[in-house]
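Visitor: sharing a model that was predicted from the sequence below.
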Amino acid sequence: MDAATSRPAVVIDNGTGYTKMGFAGNVEPCFIVPTVVAVNESFLNPSRSASKSNRLAQHSAGVMADLDFFIGDEALAKSRSSSTYNLSYPIRNGQVDNWDAMERFWQQCIFNYLRCDPEDHYFLLTESPLTAPESREYTGEIMFETFNVPGLYIAVQPVLALAAGYTTSKCEMTGVVVDVGDGATHVVPVADGYVIGSSIKSIPIAGKDVTLFIQQLMRERGEHVPPEDSFEVARKVKETYCYTCSDIVKEFNKHDKEPSKYIKQWRGIKPKTGAPYSCDIGYERFLGPEVCTNSPLPKKKKRKKRTHGFSLP
C-alpha cells in the first residue's frame, strides 16, 4: 500500500492574514499563524564589495537567507526586537504576491510546525475564488518539484466552507457563500460544487481595513503606542473589544456618560526598551467596524426609466 494513502492528508488554508494548517480528519487546525515571513535583511542585501569580489560570499549569503528566517508570530517578534529582520507578506488581497516568501512559508509549515515528510502525505491547499490559473501552476510547481509531494488538490475556499457547513443529512453543494477574509471579501455563488465565476462579486474591504482604521483612530487621538507595535495592537483591539451597533449616536452618548464602563485599557510592553505602556480604548470599539457598513464604495447609478419621452424619477 502507498504510504501516502495510509496517512492523513495535510491541509493548509492560506489566507492574507492567517494560515491554518493541520491534518484531514482533525476537528480543528493544529496551528493558526499569521501569514508573514521575516528574513535577515543583511543576507538579502550583501555589500557591493562582497558581491563584486567574492562570488562565494554572495552565494553563502543566499544560502543563509534560506536558513535564517521565521514565520508567523515568531517573525513578528523578531521584527519588533531586531531591525535586521525584514517582514514580507506573501499574500495580499487574497493573491500570492511573493512566491519566494510563499515557498519559505510552506517550508516552515511542513517541517517546523506539522513536522511531517511531504513525500508521505497528500496535500490539500486552498485558494481565493479569483485566483489566476498561473498561480495554480506556480503552486503545483513548488509542491511537486521542491517538496516532492505524491498528490495535490487545490480547492476554492468558499466551496470547502459550503461542504463543511451543511446542516442536513445530505451534503448540499449549492448556495451562496460570503467569504470575508483579511484582504478581500467575496460573494461566491456555487452550483453543485462548481463556482459560477461570472457571478462572483469582490469587495475590496475586509478585516485588515478595520484594523488600519482602528490604528488611524488611535493615532489621531494621540494614544502613545510604539510605532512598531501599533498595527498589532490595533488588530488585538479589533478581535477583543470591537462590536457593531445599530445607532452610532447612542453609542457616543453611552461612552460619554459612563466612560468607566465602556472605555477599556490596553497594557503592553515596548518591544525595543521593555518599558510598560498603556492606552485607552474608547470610540474605536464601535467605530472600527463602521468601515464595513459605511464604506465609501462607488455606487452604481440607477437608470431612469423613460415612458413616452418623459423621464420618470
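Guide: Arrived safely.
Visitor: Leu87 and Ser230: what is the separation?
Guide: 14 Å (CB to CB, to the nearest Å). For the C-beta atoms, the positions are set from N, CA and C on the backbone; glycine is no exception.
Visitor: repeat for Gln157
Guide: Separation of Gln157 from Ser230 (CB to CB) stands at 29 Å.
Visitor: show me which of the two is the more surrounded one.
Guide: Gln157 (21 against 17; other CB atoms under 10 Å).
Visitor: what sits against the more buried one?
Guide: Residues near Gln157 by CB atoms under 8 Å, 6 or more residues apart in numbering: 13, 126-129, 179.
Visitor: okay, it: pLDDT?
Guide: Per-residue pLDDT puts Gln157 at 91.
Visitor: try the one 5 residues further on
Guide: Residue-level confidence at Leu162 comes out at 86, pLDDT.
Visitor: tell me the helices in this protein, going along the chain?
Guide: 41-44, 48-53, 55-67, 72-81, 99-108, 133-141, 157-164, 207-220, 230-241, 248-257, 259-262, 284-287, 290-293 (DSSP state H).
Visitor: centre of the chain to the fifth one, how far?
Guide: If I follow you right, that is helix 99-108. 15 Å (CA atoms, centre = their mean, to the nearest Å).
Visitor: may I see the buried residues of it?
Guide: Buried residues in helix 99-108, counted by 16 or more other CB atoms under 10 Å: 101-108.
Visitor: give me the below-cutoff pLDDT ranges for the stretch 151-300 of the chain.
Guide: 167-169, 171, 294-300 (pLDDT under 70).
Visitor: ok, 50 please
Guide: 300 (pLDDT under 50).
Visitor: just to revisit the earlier point, need the buried residues of helix 99-108 in a markdown table (columns: pLDDT and distance to Arg92).
Guide: A markdown table is the format used below for the buried residues of helix 99-108 (pLDDT from 0 to 100; distance: CB to CB, whole Å):
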| residue | pLDDT | distance to Arg92 |
| --- | --- | --- |
| Ala101 | 94 | 11 |
| Met102 | 96 | 11 |
| Glu103 | 95 | 16 |
| Arg104 | 94 | 16 |
| Phe105 | 96 | 13 |
| Trp106 | 97 | 17 |
| Gln107 | 96 | 20 |
| Gln108 | 95 | 19 |
